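Chemist: Provided below for reference: sequence and predicted model.
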Amino acid sequence: MIKLLSHLSYVSITTPDVEASVEFYKTHVGLTEAAREGDRVYLRCWGDYYAYSVVIVPGDEPSLETMAWRTSSAEALDEAGKRLEAAGIEVEWFDGFKIGRALRFVGPWGHPMTLHWDVERHQAPGHTASIYPDRPEKRSKIAGAPRQLDHVTIATSDVDGFAQWYNEVLGFRIMARTVLDEAPISVFSVLTTNEKSHDLGVVLDGSSRAGRINHYAFWVDTYEELLIAADTLMENDIAIEYGPSIHGIGEQTFLYYREPSSMRIELNTGGYRNYVPDWTPNTWKPSLGSSNLYRNGAMPMSMTESFPAADGPSATEEGVPEEIREALLNPYTQHG
């Protein structure tokens, strides 16, 4: 079977105040502005090989406009379109900004997704060109600036169903899931298109609003850089929502914080690569440290917020906090 997807290439996020969000990404995250097209702003990390990895667009509330994956070939893009249509999904072909011929669709649980093969590779101007041939440009001067985009985590009403559909239709590898200690309910799963622990995370959503996002993440090279980023955030009065600590699933060191729209950003590093072609996903439980490897701290309640706001909370990678257990679990318990 042809391998369809290679890696997450960009995310597009809506915000009520584009300029405030863009300034935050440039000043505090360490991204650079790559281009503007109408009211859309294209940003990139210093280590991104392509023209951009984050798109900021105006919207009434923070939300996911699309999440984009590059395919493994032009033929794979056509094959992905055929498989989506065979699965009953309406596919729209379009000419994307610096990605050429691309397709977009809305998945069964309401999440917009873009697939493309063509890219425009970043060509650094002389003053930002690196002395190292493999680097697309010089390392950022901002402390803790990420090298590249890492993953996106969405919220859905059916974690296992979501994972199975994206596995069967688009070839995502299911790497692990978290099931509650007290009930056979899946609250988290991780999928990947390559050897990373995940480039797509899935948390259980207790709301009636489809297509929500919980967070998206950037990668820094080392544990020390992540701690420097934490220090820098704190010294600039930017609250850290959770972390630094280490996830059990994936074993990445992490921290979470918010940008001005309230959208959640994660920084992570470390973890492991999995090259096993016939990997069988393991099932974790919160008590095993699925989110916090050391089992010595609980996620704050704020981590149950997904975007845009809705009429119910989402679970977290750690499970379901006691404060929202009845509201989130009762509908699923009743349906077995």
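Modeler: Alright, I've got the coordinates.

Chemist: all contacts plus neighbour counts: C-alpha atoms, from now on.
Modeler: Fine.

Chemist: Which residue ranges of the stretch 151-300 of the chain form helices?
Modeler: 159-170, 223-235 (DSSP state H, counting those that start in this stretch).

Chemist: want to throw those helices into CSV with distance to residue 1?
Modeler: Shown next, in CSV, are those (distance: least, CA to CA, whole Å):
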stretch, distance to residue 1
helix 159-170, 11
helix 223-235, 37
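
Chemist: So which of those is nearest residue 317?
Modeler: Residue 317 lies closest to helix 159-170 among the helices of the stretch 151-300 of the chain, at 11.6 Å (CA to CA).

Chemist: Then residue 35 would be within a strand, right?
Modeler: Yes. Assessed by DSSP: H, G, I helix; E, B strand; the rest coil, residue 35 belongs to a strand.

Chemist: Mind listing the residues bridging to the nearest residue to it once chain neighbours are set aside?
Modeler: Counting by CA to CA, 6 or more residues apart in numbering, residue 42 is the residue found nearest to residue 35 once chain neighbours are left out, at 5.1 Å. Taking DSSP bridges as the rule, residue 42 bridges to residue 35, residue 55.

Chemist: Residue 67 now?
Modeler: residue 11, residue 113.

Chemist: what's the spacing between it and residue 37?
Modeler: Distance, residue 67 to residue 37, using CA to CA, to the nearest Å: 18 Å.

Chemist: neighbour count winner among these two?
Modeler: residue 67 (24 against 8; other CA atoms under 10 Å).

Chemist: returning to what we had before: of all the helices of the stretch 151-300 of the chain, which one comes closest to residue 281?
Modeler: Taking CA to CA, helix 159-170 is the member of those nearest to residue 281, at 11.2 Å.

Chemist: That closest one: which residues count as buried?
Modeler: 159, 160, 162, 163, 164, 166, 167, 169, 170 (16 or more other CA atoms under 10 Å).

Chemist: How about the contacts made by residue 292?
Modeler: Residues in contact with residue 292 (CA atoms under 8 Å, 6 or more residues apart in numbering) are 245, 246, 247, 248, 298, 318.

Chemist: Buried ones among these?
Modeler: Applying 16+ other CA under 10 Å to the contacts of residue 292 flags 245, 246, 247, 248, 318 as buried.

Chemist: So for the residues you listed, which is the shakiest by pLDDT?
Modeler: Among those, residue 318 carries the lowest pLDDT, at 71.

Chemist: ok now do that one, which residues does it touch?
Modeler: 178, 286, 289, 290, 291, 292, 298, 299.

Chemist: export the buried residues of helix 159-170 to CSV and tack on distance to residue 100?
Modeler: Shown next, in CSV, are these (distance: CA to CA, whole Å):
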residue, distance to residue 100
159, 32
160, 33
162, 28
163, 28
164, 29
166, 24
167, 26
169, 23
170, 20
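
Chemist: Among these, which one sits closest to residue 75?
Modeler: Of all the buried residues of helix 159-170, residue 75 sits closest to residue 170, with 13.7 Å by CA to CA.

Chemist: how about the nearest residue to residue 249 once chain neighbours are set aside, what does it touch?
Modeler: Closest residue to residue 249 apart from its sequence neighbours, by CA to CA, 6+ apart: residue 290 at 5.3 Å. Shown in contact with residue 290 (CA under 8 Å, 6+ apart): 178, 247, 248, 249, 284, 317, 318.

Chemist: The fourth one contacts residue 286, doesn't it?
Modeler: No. In terms of CA atoms under 8 Å, residue 249 does not count as a neighbour of residue 286; the distance is 10.4 Å.

Chemist: Neighbour count for these two, which is higher?
Modeler: residue 249 (26 against 22).

Chemist: which residue is nearest the middle of the protein?
Modeler: residue 152 (0.8 Å; CA atoms, centre = their mean).

Chemist: quick one: the closest residue to that residue other than its chain neighbours from residue 48, how far?
Modeler: Nearest residue to residue 152, sequence neighbours excluded (CA to CA, 6+ apart): residue 216, at 4.1 Å. Distance, residue 216 to residue 48, using CA to CA: 16 Å.

Chemist: which one of the two has more residues nearby?
Modeler: Set residue 216 next to residue 48 and count neighbours by other CA under 10 Å: residue 216 wins out with 24 against 20.

Chemist: Identify the residues contacting the more buried one.
Modeler: 150, 151, 152, 153, 264, 265, 266.

Chemist: Most widely separated two among these?
Modeler: 150 and 264 (13.9 Å).

Chemist: Quick check: mean pLDDT of stretch 20-35?
Modeler: Per-residue scores along stretch 20-35 average to 98.

Chemist: err, stretch 73-88, not the other one
Modeler: Taken as a whole, stretch 73-88 has a mean pLDDT of 98.

Chemist: Stretch 119-131 too?
Modeler: The model assigns stretch 119-131 a mean pLDDT of 95.

Chemist: Between the two ends of that stretch, how far is it?
Modeler: End-to-end span of stretch 119-131 (CA to CA): 23 Å.

Chemist: Just give me how far that stretch sits from the chain centre.
Modeler: Its chain's average C-alpha position is 25 Å from that of stretch 119-131, according to CA atoms, centre = their mean, to the nearest Å.
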